[in-house]
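**Q** need a structure here:
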Amino acid sequence: MTTDETDDGKRSSLGTILIAVIVFLGVAYVLSCGPVLWLCEHGYLASQARIVYSPLDELAIRSELAGTALEWYAELWVGPPPP
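**A** Predicted coordinates for the structure are as follows:
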């Protein structure tokens, strides 16, 4: 095995790990909005903490599917909005 083949294998592994980390962080960001909503609703965090999730709010506005999914997920944490 040559040095070039070893470097290619390392780059390939590093690329795979980088993609996995990016996907994991994206999923963790979306899933963390539920606990943050709960913490805000119960007074443990200031409501300004929600600003971190404004990209998700924008996504919910622009995509009906994303909006429905995010609303469903938020209701798991804080319950449905009052009538």
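
**Q** Okay, now the unreliable bits of this protein?
**A** Within the chain, the stretches with pLDDT under 70 are 1-10.

**Q** Please point out which parts of the helix or strand hosting F24 sit buried.
**A** Taking DSSP states H and E as the criterion, F24 maps to helix 3-41. For helix 3-41, burial by neighbour count (16 or more other CB atoms under 10 Å) applies to 30, 33-34, 36-38, 40. C-beta coordinates here come from the backbone N, C-alpha and C atoms, glycine included.

**Q** Please compute how far that helix lies from its chain's middle.
**A** Offset of helix 3-41 from its chain centre (CA atoms, centre = their mean, to the nearest Å): 11 Å.

**Q** Which neighbouring elements make contact with it?
**A** Judged by 3 or more CB pairs under 8 Å, 6 or more residues apart in numbering; DSSP states H and E, helix 3-41 is in contact with helix 64-78.

**Q** Which secondary structure elements does the helix it packs on sit against?
**A** Using 3+ CB pairs under 8 Å, 6+ apart as the test, helix 64-78 ends up in contact with helix 3-41, helix 54-62.

**Q** So which of those is nearest V78?
**A** Comparing the helices and strands packed on helix 64-78 against V78 with CB to CB, the closest turns out to be helix 3-41 (4.9 Å).

**Q** Taking helix 54-62 as reference, get the angle to the closest one.
**A** Relative orientation of helix 3-41 and helix 54-62, computed by axes from the mean of the first three to the mean of the last three CA atoms, to 10 degrees: 80 degrees.

**Q** the inter-axis angle of helix 3-41 versus helix 64-78?
**A** Using the same axes, to 10 degrees: helix 3-41 against helix 64-78 is 60 degrees.
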